[in-house]
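**Q** Give me a model of this one.
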Amino acid sequence: MTSIGMVVLGATDMGRAIGFWSEALGYELREGGAGADWSSLTPAGGLGTGIGLQQTTTLAEKHPRVHLDLYVADAAEQAAEIERLVSLGAERVDWDLYPEDPDFVVLADPEGNRFCIVDTSHGHE
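**A** Numbering: from 1, shown residues only. Below you'll find the model as predicted:
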């Protein structure tokens, strides 16, 4: 049986990507760095899935087939996390595929990678 060891995101500016995801998730740099072609970040407490950052020259997809869902407990925490992440360099995405009653908000990291902030109290994960 296999398991997910790491989620990998493309980065055109490794230092910027490391800085954003370290602050966003409270992760620590395990290997690599600003000048590296590959870097990995792991949870500060050691438990959880890591984030890999791979140097790329391709642009992020507008409607990616794979993305991160970051969970929060309720709408208030969702709003606070969105503001915190925007202050770190994320951008709100004008998402054209929202359902009628969304439990998520789409953001993009400074590299353009889309991710969602999901309100888990909303009733449908």
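**Q** Helices along the chain, start to end?
**A** 14-25, 75-88 (DSSP state H).
**Q** so which of those helices gets nearest G48?
**A** helix 14-25 (8.6 Å; C-beta to C-beta). Using the backbone N, CA and C atoms, a C-beta is placed for each residue, glycine as well.
**Q** Return the distance of that closest one from the chain's centre.
**A** 9 Å (C-alpha atoms, centre = their mean, to the nearest Å).
**Q** quick check: angle from it to helix 75-88?
**A** If you take axes from the mean of the first three to the mean of the last three C-alpha atoms, to 10 degrees, helix 14-25 sits at 160 degrees to helix 75-88.
**Q** What lies in contact with helix 14-25?
**A** Helix 14-25 is contacted from outside by 9, 11, 27-29, 32-37, 39, 41, 43, 51, 53, 55, 70, 85, 88-90, 109-111, using C-beta atoms under 8 Å, 6 or more residues apart in numbering.
**Q** any chance of the helices of the chain in TSV, plus mean pLDDT, mean neighbour count and distance to G123?
**A** Formatted as TSV, the helices of the chain follow (pLDDT from 0 to 100; neighbours: other C-beta atoms under 10 Å; distance: least, C-beta to C-beta, whole Å):
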stretch	mean pLDDT	mean neighbour count	distance to G123
helix 14-25	97	19	25
helix 75-88	97	15	12
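**Q** and of the ones you listed, who's closest to E61?
**A** Here helix 14-25 is closest among the helices of the chain (C-beta to C-beta), at 16.0 Å.
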